[in-house]
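S.K.: build the 3D model from these lines:
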Amino acid sequence: METEGLTSMTDGARIRWTVLGDTTRTPPVVMLHGGPGLPDYLGDVARMIADLAPVYRYDQRGTRGSPWQGRHTLSRHVDDLAELLVRWGAAEALLIGHSYGTDLASRFCLAHPDRVAAMVLMCGPFVGDWRTGDRAERDRRMSAARQERLRALERRSDRTESQEVELLTLSWFTDHADPERGWDWAAQGARQRRPVNWAMNSELGTEGRADPLDARLDELRACLPTRVELLGGARDPRPLSALESLALRWNVPLRRIDDAGHEPWLEQPDTVRDHLRAFVRGAVGP
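M.R.: Presented below is the predicted three-dimensional model:
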């Protein structure tokens, strides 16, 4: 059974969260969705492991169930997670971050290493010059006509609802290994992961580029929990080599998911389920 809650932060923001599973078991799993600026979309992943540990998810402030107006900072989003853990009565948690959520998980670990029992970083964090390869691969996967249409939509500040869906579909379909199914998944996500908080995306993206994790990798390695795993889709347009370099630098395992892109649970659900279940069992026990 899934339970929902709404928790007030110390600055007055209200965060909507859900939990699936037996909340008496510890430590809980907390899933951190990507974006930034999107609402939570990790329900399918949560259901893969909710019989092993309670799984909490939440809409980050400024998204769907957690409406908020104000300037976004990475430190405030880290504080939100810390305050939620207090609300949930969790001294520590197993963090599973996806995409931007891996950056948030890493920054939380830097600020609160004693509160991270274990960590799975799925499809991120990407460090170094990964954007060059990402752009080149996306261009290869997209026709010239679609590239031009995407640029035209990006230039519009007055997009209609259908144009916003089209823009997001064009932006996201190249994330997947299978282009035909990828288009369908991207179109579905464009309708469901709404509204996008573009101001939040811009503000946190700008701060992340000004204070990149790249400069803190050694500091982060020193405070990582004993159990950490990277997981990446082999056909994510973001180069898997960036995750391979990070895994070597941190001396942690990288689980490569073949024939999968940036959301590997969609294309290879059984493989992702097996990896996550093995990791959670090892971290929280039977």
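S.K.: in the protein, which residue is most central in space?
M.R.: residue 98 (2.6 Å; C-alpha atoms, centre = their mean).
S.K.: was I right about that residue contacting residue 35?
M.R.: No - here residue 98 lies out of contact with residue 35, judged by C-beta atoms under 8 Å, at a distance of 9.9 Å. All C-beta atoms are positioned from the backbone trio N, CA, C, and that covers glycine.
S.K.: how about the contacts made by the residue nearest to the centre of the chain?
M.R.: 31, 32, 33, 34, 42, 45, 122, 123, 124, 263 (C-beta atoms under 8 Å, 6 or more residues apart in numbering).
S.K.: for the last one, list the residues it contacts.
M.R.: In other words, residue 263. Counting by C-beta under 8 Å, 6+ apart, residue 263 touches 98, 123, 175, 176, 185, 233.
S.K.: per-residue confidence for the nearest residue to the third one once chain neighbours are set aside?
M.R.: Think residue 175. Take residue 175 and drop its neighbours on the chain: the residue closest to it by C-beta to C-beta, 6 or more residues apart in numbering is residue 262, 3.9 Å away. Predicted confidence (pLDDT) for residue 262: 98.
S.K.: now swap in residue 104 and tell me
M.R.: Confidence score, pLDDT, at residue 104: 98.
S.K.: likewise residue 286?
M.R.: Residue-level confidence at residue 286 comes out at 67, pLDDT.
S.K.: now residue 205
M.R.: 96.
S.K.: how about the contacts made by it?
M.R.: Counting by C-beta under 8 Å, 6+ apart, residue 205 touches residue 36.
S.K.: confirm residue 30 sits in a strand?
M.R.: Yes - with DSSP: H, G, I helix; E, B strand; the rest coil as the criterion, residue 30 is assigned to a strand.
S.K.: what distance do you get for it to residue 73?
M.R.: To residue 73, residue 30 is 20 Å away according to C-beta to C-beta, to the nearest Å.
S.K.: which one's more surrounded, those two?
M.R.: Neighbour comparison, residue 30 and residue 73: the larger count goes to residue 30, with 26 against 12 (by other C-beta atoms under 10 Å).
S.K.: quick check: beta-bridge partners of the residue nearest to the centre of the chain?
M.R.: Legend: beta-bridge partners of residue 98 under DSSP bridges are residue 122.
S.K.: what separates it from residue 263, distance-wise?
M.R.: To residue 263, residue 98 is 8 Å away according to C-beta to C-beta.
S.K.: which residue sits closest to residue 28 in space, ignoring its chain neighbours?
M.R.: residue 54 (4.5 Å).
S.K.: list the contacts of the one you found.
M.R.: Counting by C-beta under 8 Å, 6+ apart, residue 54 has contacts 19, 20, 21, 22, 23, 25, 28, 29.
S.K.: repeat that for residue 255.
M.R.: Residue 255 makes contact with 229, 230, 231, 232, 275, according to C-beta under 8 Å, 6+ apart.
S.K.: name the member of those with the most neighbours.
M.R.: The contacts of residue 255, ranked by neighbours (other C-beta under 10 Å): first place residue 232, 28 neighbours.
S.K.: identify the spatial nearest neighbour of that one, chain neighbours not counted.
M.R.: residue 243 (4.6 Å).
S.K.: same question for residue 83.
M.R.: Residue nearest to residue 83 in three dimensions, not counting chain neighbours: residue 9, with 5.5 Å by C-beta to C-beta, 6+ apart.
S.K.: looks like that neighbour contacts residue 86 (just checking).
M.R.: No - shown here, residue 9 and residue 86 do not form a contact pair, counting by C-beta under 8 Å, at 10.6 Å.
S.K.: which residues of the protein fall in helices?
M.R.: 43-47, 74-87, 100-111, 130-141, 144-155, 161-172, 179-192, 198-210, 217-223, 240-250, 264-267, 269-284 (DSSP state H).
S.K.: mind listing what residue 159 touches?
M.R.: Contacts for residue 159 were tallied using C-beta under 8 Å, 6+ apart; they are 153, 167.
S.K.: relative to residue 198, how far out is it?
M.R.: Separation of residue 159 from residue 198 (C-beta to C-beta) stands at 10 Å.
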